[in-house]
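**Student:** predicted model follows, preceded by the sequence.
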Amino acid sequence: MNELTKELVELLSLEKLEEHIFRGQSRNLVGKRVFGGQVLGQALRAASYTADRPVNSLHAYFLFGGDINAPIIYEVEKLRDGKSFLSRQVRAIQHGRIIFTAMVSFANEEEGLNYQIDEPDYPHPDELIAEQRLKENLVDFIPENIRAAFMRPRQIEIRPVTVSNPFQPQPESPSHAHYLRTHQPLAADVADDIALHQAIVAFYSDYTLMTSALRPHGLNYLSPSVQCASIDHAIYFHRPVRADEWMLYDMDTTTSVSSRGLNFGRMWQNGQLVCSTTQEGLMRVREIEMQ
C-alpha cells in the first residue's frame, strides 16, 4: 500500500482498551476540527469489533466538534443480538464529553425481493481528471494562507464528474458526482476485511456531500461568509462493497431552509447500488455582501 492508503487503514484501526471500549487517533484532515468522516469510520469500526456480520445501516449525530490534537474514545453498547439483526450504540468521547453518537445495525445477506433504480450515465473514471491534478490547475486562485492545506493530497483518490472552481463559485445545479477509491488496493492481510471496507466507505461518504445544498446558492465550504457543519449522517449498505475499487458517488439536495440543507447520496459499484447516504448540514451565512 502507498503511504496515504496505509495512513487511512491505520486511522481506522482502533486500539482495544477494555471490553467494548476502543481508542482512535485523530488527524488534521480538513482544518481545526476532526473531519466528520474520520469519526463515522472509526465509530463503525468500533461497533464492528463487537459483531459477527456486516453493517447494514448507521445513523449518527455530531454533537460537538472534535479536537484534532487528542485521541477519541469509543464506547460500544450492545443493545440487541438477534438472529437477523444486531444493534449497537456507539458514543465517541473526547475531553470527558460525548462529541458524537451513533446507532449501528448489522445483518447478513439473505435472499429476497431485489430492485434498484438505474445508474446515472456518467463518463468512466478513466476519462476524468484526478482531483489532485485539478487542484494544481487552480494554484493561481488559492490564497497563500490556505495553499498548503488545500493542496495536501487526500487519503482517497477522487475523480470529479462535475468540475468547478471553488474560489469563483457560481450558482449551479443542486447535484454533482465523483468517483472514489483508495489510492491502491488494500494489503493482502486486510483485503477481505468487510468491516474495514465499510469503515473506509463511511469515511469518504462525508466528503463533499453537504456541498450539494450549497451549490444553488453559489457558495461552498471555502466561502468566507459561510459556517458549515454536519448535523447528522446516515448510511445504508445495500450490497457488498470494496473501498479499493472505483465507486460512483452521485449526490443531490432537495431543500435548504432555516440555515440547514438536506443532502442525499447514492454509491454505485459495478452497476449495483451498494450504498445510500443522507445528511443534514448547517449552512449559516454570517454576513451577506452587498452587491
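**Tutor:** Right, received. Where do you want to start?
**Student:** every contact and neighbour count from this point should use C-alpha atoms.
**Tutor:** Fine.
**Student:** tally of neighbours for Ile93?
**Tutor:** Neighbours of Ile93 under the rule other CA atoms under 10 Å: 19.
**Student:** to clarify, my last question referred to Gly265.
**Tutor:** The number of residues packed near Gly265 is 24, by other CA under 10 Å.
**Student:** now Arg27
**Tutor:** 19.
**Student:** so what's it up against?
**Tutor:** 11, 34, 68-69 (CA atoms under 8 Å, 6 or more residues apart in numbering).
**Student:** by mean pLDDT, point me to the weakest helix or strand of this protein.
**Tutor:** Lowest mean confidence among the helices and strands of the chain (mean pLDDT, DSSP states H and E): helix 144-151, at a mean of 86.
**Student:** list the contacts of that helix.
**Tutor:** Helix 144-151 is contacted from outside by 30-31, 132, 135-136, 139, 142, using CA under 8 Å, 6+ apart.
**Student:** which ones among the contacts of Arg27 are found in helices?
**Tutor:** Per DSSP state H, helices hold the following members of those: Leu11.
**Student:** any chance of a ChimeraX selection covering the buried ones in the contacts of Arg27?
**Tutor:** For the buried members of the contacts of Arg27, the matching ChimeraX selection, counting by 16 or more other CA atoms under 10 Å, is:
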select :11,34,68
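**Student:** farthest-separated two in the contacts of Arg27?
**Tutor:** By the measure CA to CA, Leu11 and Asn69 form the most distant pair in the contacts of Arg27, at 13.8 Å.
**Student:** thinking again about what came up before, C-terminal to the least confident helix or strand of the chain, what's the next element?
**Tutor:** strand 156-160 (DSSP states H and E).
**Student:** now do that next one: which elements does it pack against?
**Tutor:** In terms of contacts (3 or more CA pairs under 8 Å, 6 or more residues apart in numbering; DSSP states H and E), strand 156-160 is packed against helix 131-136, strand 175-182.
**Student:** distance of Thr278 from Thr253?
**Tutor:** To Thr253, Thr278 is 10 Å away according to CA to CA, to the nearest Å.
**Student:** now Asp192
**Tutor:** To Thr253, Asp192 is 34 Å away according to CA to CA.
**Student:** the more surrounded of those two?
**Tutor:** Per other CA under 10 Å, whichever of Asp192 and Thr253 has more neighbours is Thr253, with 25 against 12.
**Student:** which residue, other than its chain neighbours, is closest to that one?
**Tutor:** Distances taken as CA to CA, 6 or more residues apart in numbering put Asn263 closest to Thr253, at 4.4 Å, once the chain neighbours are dropped.
**Student:** which stretches of the stretch 101-250 of the chain form strands?
**Tutor:** Taking DSSP state E, counting those that start in this stretch, the strands of the stretch 101-250 of the chain run over residues 156-160, 175-182, 226-230, 232-237, 247-257.
**Student:** redo those as TSV? Include distance to Gly41 and mean pLDDT.
**Tutor:** Formatted as TSV, those follow (distance: least, CA to CA, whole Å; pLDDT from 0 to 100):
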stretch	distance to Gly41	mean pLDDT
strand 156-160	13	96
strand 175-182	14	96
strand 226-230	15	90
strand 232-237	11	98
strand 247-257	17	97
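**Student:** of those strands, which is nearest Ala213?
**Tutor:** strand 247-257 (5.4 Å).
**Student:** what is the nearest of the contacts of Arg27 to Val201?
**Tutor:** Closest approach to Val201 among the contacts of Arg27 (CA to CA): Leu11, at 13.4 Å.
**Student:** what distance do you get for Glu172 to Ile231?
**Tutor:** Taking CA to CA as the measure, Glu172 falls 23 Å from Ile231.
**Student:** now swap in Asn2 and tell me
**Tutor:** For Asn2, the distance to Ile231 (CA to CA) stands at 33 Å.
**Student:** who has more neighbours out of the two?
**Tutor:** Using other CA under 10 Å, the more surrounded residue of Asn2 and Ile231 is Ile231, with 17 against 12.
**Student:** the residue nearest to Thr253 bridge partners, please.
**Tutor:** Thr253, Gln279 (DSSP bridges).
**Student:** which parts of the protein are helices?
**Tutor:** Assigned by DSSP H, the chain shows helices spanning 3-11, 36-48, 131-136, 144-151, 194-205, 211-214.
**Student:** for His176, find the nearest of the ones you listed.
**Tutor:** With respect to His176, and counting by CA to CA, the nearest of these is helix 211-214 at 6.9 Å.
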